[in-house]
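# quick one: sequence plus predicted model below, questions after.
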Amino acid sequence: MTTYITTPIYYVNAQPHLGHAYTTIVADTYNRFRRLTGDTVRFQTGTDEHGDKIAEAAEKEGCSPKEYVDRISAMFRSTWPLLDVEPDNFIRTTDKDHVATVQAILQQVYDKGDIYFDKYTGLYCTGCERFLTEKELEDGKCPDHQTVPDEITEENYFFRMSCYQQDLIDHINANPDFITPERYKNEVLSFLSEPLEDLCISRPTSRLTWGIPLPFDENFVTYVWFDALINYLTGAGYPDGKEFDDYWSAAEHVIAKDILKPHAIYWPTMILSMGLPLYKKLHVHGYWNVDETKMSKSIGNVIRPAELIEEYGVDSIRYFCLREMSFGLDASFSSDAIVSRKNSDLANDLGNLYSRTTAMLVKYTDGVVPALVGAGDDTVLSDLAGTVIEKYRKNMSVFQFHRALQAVWELIGQANKYIVTNEPWALVKEPARVARLHTVLYNLTETLRLLTLLLQPIMPGTCRKMAEGLGLAQDSPLVTDLSGNGAWGMLEAGTRLQKIDALFPRVDTKKKKKSVKQESKKKKKEKSCKNKQLSGNVEGVISFDQFQKVELRVAEIVTAEPVKKSDRLLKLTVRAPEERVIVAGIAEYYSPEDLLGMLVLIVANLQPVKLMGIESQGMVLAAKVEEDGKSRLVLSTVSASVPPGARVA
């Protein structure tokens, strides 16, 4: 199969930010996944370099538009290697071949009679670089830029977009996956339920000269969308490229929801006018919010990719973006959330599994993968691996990256439990059970190979290290080819492991907290008063208002270990959703390995106290059960479908 995956070409009136990074990481991940399954793939990104805003930005900086776009475009190009993004083509709308393609298409559509000259009065948003309808405004302002559009009257060229409205509606209805997720398809169909206006495609040179000249009228330049959108054709080799037909029939665009209308309405009608088949799919994602607000240069909450990479590492950022955002919906960005994902998912789960397994192989088999001898009915990991790969392929194919990763983490969680259940450290002490030890170690090492294979599109740098540690070449089909090596048991016995550094060193949250401004004395005092009120009513009747002050949350136990010099206490690290430590008196009833991954209820707003020298930041809830004259504690748990951090009402 062939896949042609594209990002939008990013407008160079500003530097790269988290929004650009997310879209590009998504496209790169899909590109790598498709290659993993054996597809022939072309992956394209680039920069959009014409228009009003570019001319304005260049003028403010005292340089020519060409000097300005060269500098900003280079920033985008240099950002992608930092994120381990590897496009096959980086296109610029100032490229000579693109300019020629745009002019050829304009002439073709003009000769067909689909472009005409007219006078128009409309509400023009400079930020969007298009005219808006009254219906699109919110309180008289552009909803994306929160500015009042200018009323402009001028003569321009228009594209007969309205002629292709019904053809587009019919295509969307006949192809349910043309626009995904479905909510955006429905949004487009709702917009198309009313008559389309024709599209203004030019600007007079008396107002703007920084653009591609119309081939049929030198007094006008091309409007940005009729220039920018055509990049997808130029990059695929239109019109004479040998592979154009193959790539274009497999074209999939990835965009943010703010440019849905140009990509779902303007672009398809342009393609229909040209007589070409429509692209295959349009994938639309939501916004990243910072402090519950959409990222915006004007309010100063823009997150730069280079800063994130320097602080957290490239693969932590790639994983966080894909795991945290449900594709199509908005997601929240915060430093705490990244640290929580890195410490819990990457360091505790994946990192510990890798380091424990490889350390046992070094210790028990001299770092050599043992042969399977008498594996018997031990198919716990192999059976789950088959199910996980099926879920992974299905969800990666439809851009549900968070669900694909959830499936992979099911395998990681089971492998960690497999270690605890089988106790290789005990097996090695019994000569008669060497075969069993080798079976356990082989199954764990083969699990690591499959994880290296599955995570390669998401965290390519980490997977290169994992492959090296497993004694495999970075380009070995065993870790780069899901089409033929996704089956269980492909790792050869006798493979020798190599020493590598820890995959994901934990972030010291205590040190990080010290660098953050502390709560004000007033807030601390209020919190202390609340806790005193709570603790003062434990044994008596409390009012509903008092009960409402108790903050109950769902928490996931990510690590558990005995507290030294105590037979009763366990030290639990929980995620709710931030990471915290809770000391619980449950050691008589639960072993640490029983608790990993358990979703429990905690009191989250108790004042921290020290127990056996450990600061405990909450309390787990348990029921006291009487059986045969003896009492025991049973932890309060919830369904696995409830996310850590959910409030209990």
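Cool, the structure landed.
# can you map out the strands along the stretch 501-649 of the chain?
Along the stretch 501-649 of the chain, counting by DSSP state E, counting those that start in this stretch, strands occupy 552-562, 570-575, 579-584, 599-603, 609-611, 614-616, 619-620, 622-627, 630-635.
# of the ones you listed, which is nearest residue 440?
Residue 440 lies closest to strand 552-562 among those, at 21.7 Å (Cβ to Cβ). Every C-beta, even on glycine, is put in place using the N, C-alpha and C of the backbone.
# pretty sure residue 346 contacts residue 505?
No: using Cβ atoms under 8 Å, residue 346 is not in contact with residue 505, being 9.8 Å away.
# which of the two has more neighbours?
Each of residue 346 and residue 505 has its neighbours counted (other Cβ atoms under 10 Å); residue 346 has more, 23 against 13.
# let's see the pLDDT reported for that one.
Note for residue 346: predicted pLDDT of 96.
# how many other residues sit next to the residue nearest to it when sequence neighbours are not counted?
Distances taken as Cβ to Cβ, 6 or more residues apart in numbering place residue 504 nearest to residue 346, at 4.1 Å, with adjacent residues excluded. For residue 504, the count of nearby residues is 24 (other Cβ under 10 Å).
# might one say that residue 504 is in contact with residue 347?
Yes: assessed by Cβ under 8 Å, residue 504 is found in contact with residue 347 at 4.3 Å.
# if we can go back for a sec, just put the strands of the stretch 501-649 of the chain in a markdown table and tack on distance to residue 220.
Output for these, formatted as a markdown table (distance: least, Cβ to Cβ, whole Å):
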| stretch | distance to residue 220 |
| --- | --- |
| strand 552-562 | 60 |
| strand 570-575 | 58 |
| strand 579-584 | 58 |
| strand 599-603 | 62 |
| strand 609-611 | 73 |
| strand 614-616 | 69 |
| strand 619-620 | 70 |
| strand 622-627 | 75 |
| strand 630-635 | 72 |
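# and of those strands, who's closest to residue 364?
Per Cβ to Cβ, nearest to residue 364 of these: strand 552-562, 22.7 Å.
# for the residue nearest to residue 346, what are its contacts?
Neighbour list for residue 504: 313, 316, 342, 346-347, 350-351, 462 [criterion: Cβ atoms under 8 Å, 6 or more residues apart in numbering].
# so which of the residues you listed is the closest to residue 477?
residue 462 (18.9 Å).
# quick one: the closest one is in a strand?
No: looking at residue 462 with DSSP: H, G, I helix; E, B strand; the rest coil, it is helix, so not inside a strand.
# quick check: closest non-adjacent residue to it.
That would be residue 315: by Cβ to Cβ, 6+ apart, it lies 4.5 Å from residue 462.
# A helix includes the one you found, no?
Yes: checked against three-state DSSP, residue 315 lies within a helix.
# from residue 487, how far off is it?
Going from residue 315 to residue 487 by Cβ to Cβ, to the nearest Å gives 26 Å.
# more neighbours: which of the two?
residue 315 (24 against 11).
# check contacts around the more buried one.
Contacts of residue 315 (Cβ under 8 Å, 6+ apart): 84, 346, 458-462.
# got it, and residue 254?
Per Cβ under 8 Å, 6+ apart, neighbours of residue 254: 5-8, 23, 26-27, 30, 283, 285.
# let's verify it: helix, strand, or coil?
strand.
# any low-confidence regions in the protein?
291-301, 374-376, 510-546, 548, 593-594, 627-630, 639-641 (pLDDT under 70).
# the same query, at a cut-off of 50, please.
Along the chain, segments meeting pLDDT under 50 span 298-299, 515-540.
# helix, strand, or coil at the spatially most central residue of it?
With the centre of the chain defined as its mean C-alpha position, the nearest residue by Cα atoms, centre = their mean is residue 322, 2.1 Å away. At residue 322, secondary structure determined by three-state DSSP is helix.
# quick one: it from residue 108, how far?
Going from residue 322 to residue 108 by Cβ to Cβ gives 40 Å.
# picking up where we left off before, how about the residue nearest to the centre of the chain, nearest residue that isn't a chain neighbour?
residue 401 is the one closest to residue 322 (Cβ to Cβ, 6+ apart), at 4.2 Å.
# that neighbour reaches residue 457, doesn't it?
No: using Cβ under 8 Å, residue 401 is not in contact with residue 457; the gap is 9.0 Å.
# mutual contacts of these two, please.
Here residue 401 and residue 457 have residue 29 as joint contacts, going by Cβ under 8 Å, 6+ apart.
# residues contacting residue 369?
Residues near residue 369 by Cβ under 8 Å, 6+ apart: 361, 441-442, 445, 471, 491-497.
# and those, which are buried?
Neighbour-count burial (16 or more other Cβ atoms under 10 Å) applied to these gives 361, 441-442, 445, 471, 491, 495, 497.
# what about these, which are in helices?
Judged by DSSP state H, the buried ones among the contacts of residue 369 include 361, 441-442, 445 as members of helices.
# just to revisit the earlier point, closest to residue 424 among the contacts of residue 315?
Closest to residue 424, out of all of the contacts of residue 315 and judged by Cβ to Cβ, is residue 346, at 23.4 Å.
# how about the closest one, what does it touch?
Residues counted as contacts of residue 346 (Cβ under 8 Å, 6+ apart) are 315-316, 319, 503-504.
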